[in-house]
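Participant: Build me a model from this:
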Amino acid sequence: MRRLLLKAALGGLVVSPLLLAGCASTPPQVSALESNWPAHLPARVDLSSRTPFIPQDDYECGPAALAMLLQSNGKRATIESLKPQVFLPGRQGSLQTEMLVATRRQGLPAYPLPPRLDALLSELAAGHPVIVFQNLSLDVYPVWHYAVAVGYDRERRMLLLHSGKTRRQEIELPVFERTWARGDYWAMTTLPLDQVPASLDGAQTGAALSALERLHPSAARQGYLTALTRWPGEPVLLMGAGNTAYNAGDKAAAQKYYSRLTDVRPDIADGWNNLAQVMLDQGYRYKASLAIQRAVDLGGPRLDQYKSLQKKITAGM
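Facilitator: Predicted coordinates for the structure are as follows:
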């Protein structure tokens, strides 16, 4: 089920500090970080001065947060241009799915983050602002809110947010975790196509690029090539790079990526099928027959498609 932002906070809404504070004990993710601070995380990060700030009106925190994130990545996005894409007037809020899709419409990948505080801080440490989703009230009366995380301070136990009408708002990390946990620890970021996220692995990055591919295949192709410099043997990335090259008419590049895929993961039947197809297209019928036989031997839910291609290949031999 897609989570709904029911009400934008801080833009004309007064929230009691008691609701934000919750209980006094340190929540689990902050506690784990403080007991074992990751070596790769600096003690302090502040991206606020280079992350655009856009104050929001009531119920517009979704478009405002997304506009800030997109502008920080060089896009000329505004609340007005994003509202038709992400804001539902009848619901007075924005859905997370629409936030992701609107990002892809800009030709950028949308990266949902793992639901962990260290993942959020890792992105900030890498210089990547992050949209976070909070419930600023109680579960029985939720006040959903999007903000943009722009930094943190380990010693002071603070997270920095562009939030509501407040630029560089400071919120205690334990308080933030409680409000973020009520939103199921949802967060997302986006990056230029020559960069990769700091908190995702190759498969997760590939999944985000695959979603982008449906709207902007040429942008996804560039993203796959960048990601492969970081994860050169990741099957999801190799398949995506092969598919986007093939669809762009670059059969030689498609063959290269499918061949590498079948080298690193010979158990993936689709890789052999795609390699057979691109070999056939280039006139290498015998090599295509060897590849498609591997796909047929492996089988799977698309076995009928493999056999159909095999019949086509052998018919001309």
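
Participant: for the residue most central in space within the chain, what are its contacts?
Facilitator: Residue closest to the average C-alpha location in the chain (C-alpha atoms, centre = their mean): Tyr111, at 0.8 Å. By C-beta atoms under 8 Å, 6 or more residues apart in numbering, the contact set of Tyr111 is 188-191, 197, 200, 204-205, 208. Every C-beta, even on glycine, is put in place using the N, C-alpha and C of the backbone.

Participant: Make sure Thr103 is actually in contact with Leu70.
Facilitator: Yes - counting by C-beta atoms under 8 Å, Thr103 does reach Leu70; the two are 7.0 Å apart.

Participant: okay, these two: which has more neighbours?
Facilitator: Between Thr103 and Leu70, Thr103 has the larger neighbour count (other C-beta atoms under 10 Å), namely 30 against 21.

Participant: And the helices in the stretch 151-300 of the chain?
Facilitator: Per DSSP state H, counting those that start in this stretch, the stretch 151-300 of the chain has helices spanning 173-181, 202-213, 217-230, 235-247, 251-264, 269-281, 285-298. These are given in chain order.

Participant: Output the shortest one as PDB, nothing but the C-alphas.
Facilitator: Spelled out, that is helix 173-181. This file holds the C-alpha atoms of helix 173-181, laid out as PDB (Å, rounded to 0.1, in the frame of the first residue of the first chain):
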ATOM      1  CA  LEU A 173      18.800  12.600  16.400                       C
ATOM      2  CA  PRO A 174      16.800  10.600  18.900                       C
ATOM      3  CA  VAL A 175      13.800  12.800  18.300                       C
ATOM      4  CA  PHE A 176      14.300  12.500  14.500                       C
ATOM      5  CA  GLU A 177      14.500   8.700  14.700                       C
ATOM      6  CA  ARG A 178      11.200   8.500  16.500                       C
ATOM      7  CA  THR A 179       9.400  10.700  13.900                       C
ATOM      8  CA  TRP A 180      11.100   8.900  11.100                       C
ATOM      9  CA  ALA A 181      10.300   5.400  12.500                       C
END
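
Participant: Many thanks, we can stop here.
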